[in-house]
Each structure stands twice: as C-alpha cells, then as structure tokens.
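A.B. asks: Give me coordinates for this.
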Amino acid sequence: MHRTNPVWPGYFADPFVLRWREDYYAYGTGESLERGEGLRGRTSPGEARAFRILRSRDLAHWEPAGAALPVPPARERDAFWAPEVAEHEGRFYLYYSSAPAGHDELHRLRVAVADHPLGPFREQGLVLPEDLGFCIDANPFRDPKDGAWYLFFARDYFEDRVGTGLAVVRLTPDLLRAADAPRPVLRANADWQIYERNRALYGRNWDAWHTVEGPCVVAHGGRYYCFYSGGNWQTRDYGVGYASAPHPLGPWEHAPEPGPVVLRERGGEALGPGHNSHAVAPDGSEWLVYHAWDAQRRARRMFLDPLEWTAAGPRCAGPTLHGQAVHA
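C.D. replies: Numbering: from 1, shown residues only. Modelled structure (predicted):
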C-alpha cells in the first residue's frame, strides 16, 4: 500500500492512533468543538458527539467511523481537546480535556469508558484533582516491563521558564484516577519553545510564556522516549522534540541537540507540524502520526511519516507530501 499526505483531507487535529486486532482507529480534535462552538450538523437534542473516529486496515487509507463521546446538552458548547484511547483487559479508556466555551484556563482531564474502540464512550469524571489547575493532552502509557499504567499530560508551571510543561502520574488499577501526586517530567529549556512574549494570562503579563505539550511516550532499546511539541501551535515554528529516561517516572533529560529535532516545518504545504502519536504498521515499521496546517492555514490535517531510530536519536523525515510505502 502507498499513502500520500495528508492521509485525511478534513480537519483532524491532535491525531491519536490505536491498533486493535486487525484495524487502526484514529481519534482527533474537531474544529468546532475545539473552539467551544458546539457540534456542527447536529440534527436534534442528544445526538451531539465529540471526537471524530477514522478507521483503517493499513494506516494508509482511512474511512469515517462515527464519533466517540456523546455530549449532553449542558456541555454542547464546551471545548473538547486531544483524545487518546488505551485498551486494557477488553475495555477502552478515552482520555481528553474539556472546558466551558471561552474559558481555556479551565481545561481539566477527564476519562470515559467503552466496550469497543468505536464507543460510545461513557463519561467517568475527572482523572486528576480539580485544584491541580489547567491540564491538557493526556497520554496513557503502559510500561512493557511491568505492565504498570501511567498518564502523561501537560500542565502550567509558574517558575523558571514560565509556561506549560509536562507531568506524569501513576494510574489506579481501574485506570480511572490518579494513584498519587503528579511528578514533573519536562519543562521548556530553550527559546524555540516560547509560545508568546508579553502574554496576558492569569491576571498578569508574562515576559515570555513557554509551551511544551502533546506528550507521546514510547519504549525503545531499554529506555523511554517522550516526544513532545513545543512553541505555538498556531505558528510555523511549532515542531516536535524529545526527551529520554531510564524509567517512566524519570529522571527525564532533554535531547542534547537544540530545537525540534524530530519533526519541523520544511516549507511548502505543511506548516507547523506537531502533536504526534506513534503507530506500528503491519510490517513492524514505526510511524509518527501528527497534524500540520495547509498552506492557507484553513485546517490542521493528519499526516503520517516514518520514524527512524538513529545513533543521534529518533528522527522523522516529514512532513512529506509525496507517496511513500506502508507495507501490509
């Protein structure tokens, strides 16, 4: 099979891919619910759903497969961001963040459960304590060494390089709640991760607000690699870097090279690539799934490019726009 980027023509931000049995399922942030505008095209009360689902047999060709999360009328105007799904003992756990429309600072992580990757997923409440504050971009990770489950996510910090950074928490055996207090994983360490200078937020102006978000943790060669997106998702400077650690709880170390060394814009028709997930093709090859803006910045669309483990660390040749083989 061959694929040509973008692999899906519509708006599909923060793409996450789950492999279950013979199929792949992609979950993404939709434009309208991302902005707290309500679900476009809803025909009657009670039918709204967040998080479009795509299904594929080969990672290259995708078809629509519904939407994951029923949204009650009281939450239809809320914003819904960055879905990721974990499978455990035959059940499926959808982690995402949500906030009332126009109040992004109130984003909190929630979890919903289903008996099938297509849902419907049933709401189970907050994963983390409400008083932890702004939290987004949940990434569930099962340690292949001992089977323990962790949740990586992004939250705000107010010291050193002020802004959004990464944290991790162990999950309870039922995967519904944090088992202990979150631990820091990664903070910004360079200017390329600046989201905005002189940013007004939390009732004051910050000289520089940094952003490290979109964690995606992968075990490789006896170590753990946390891919992350840095900078401002609305700009062409957005890209993907990584950190590594000997254990999911750390200590985590930034890559020795500066900048978004895994994935960055290369000009042309794919701007500001980021917020990746990781997928393994039927032939065992590894791929990064991520979004990028089109040249006119009309939509963030889903891209797929090979991940390579080099002596210098993980690298992705994307964004590519030509066809490339994905072997079945």
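
A.B. asks: what's K145 in contact with, if anything?
C.D. replies: A219 (Cβ atoms under 8 Å, 6 or more residues apart in numbering). Glycine gets a C-beta too; all of them are placed from N, C-alpha and C.

A.B. asks: Repeat the analysis, applying 6 Å as the threshold.
C.D. replies: Counting by Cβ atoms under 6 Å, 6 or more residues apart in numbering, K145 makes contact with nothing.

A.B. asks: and it, how far is that from G222?
C.D. replies: Here K145 is placed at a distance of 9 Å from G222 (Cβ to Cβ, to the nearest Å).

A.B. asks: And for A255?
C.D. replies: For A255, the distance to G222 (Cβ to Cβ) stands at 17 Å.

A.B. asks: between the two, who's got more neighbours?
C.D. replies: Between A255 and G222, counted using other Cβ atoms under 10 Å, A255 has the larger neighbour count: 18 against 7.

A.B. asks: isn't the more buried one right up against Y242?
C.D. replies: Yes - the pair A255 / Y242 is scored as a contact, 5.3 Å apart, by Cβ atoms under 6 Å.

A.B. asks: which residues do the two both contact?
C.D. replies: Contacts common to A255 and Y242, judged by Cβ under 6 Å, 6+ apart, are absent.

A.B. asks: just checking, C226 touches A219?
C.D. replies: No - using Cβ under 6 Å, C226 makes no contact with A219, being 10.8 Å away.

A.B. asks: Neighbour count for these two, which is higher?
C.D. replies: Taking other Cβ under 10 Å, C226 and A219 do not tie; C226 has more neighbours (25 against 14).

A.B. asks: And for the helix or strand that contains that one, what's in contact with it?
C.D. replies: Assessed by DSSP states H and E, C226 sits inside strand 223-230. Here strand 223-230 makes contact (Cβ under 6 Å, 6+ apart) with 193, 212-218, 240-245, 248, 274-276.

A.B. asks: Recalculate using a threshold of 7 Å.
C.D. replies: 152, 166, 185-186, 192-193, 211-218, 238-248, 252, 260, 262, 274-276, 314 (Cβ atoms under 7 Å, 6 or more residues apart in numbering).

A.B. asks: In its sheet, which strands sit next to it, and in what direction?
C.D. replies: strand 204-220 (antiparallel), strand 239-245 (antiparallel) (DSSP bridges).

A.B. asks: A helix includes L33, no?
C.D. replies: Yes - counting by DSSP: H, G, I helix; E, B strand; the rest coil, one finds L33 located in a helix.

A.B. asks: how close does it get to P83?
C.D. replies: In terms of Cβ to Cβ, L33 sits 11 Å off from P83.

A.B. asks: Isn't L263 up against A317?
C.D. replies: No - with contacts counted by Cβ atoms under 7 Å, L263 stays clear of A317, the gap being 8.8 Å.
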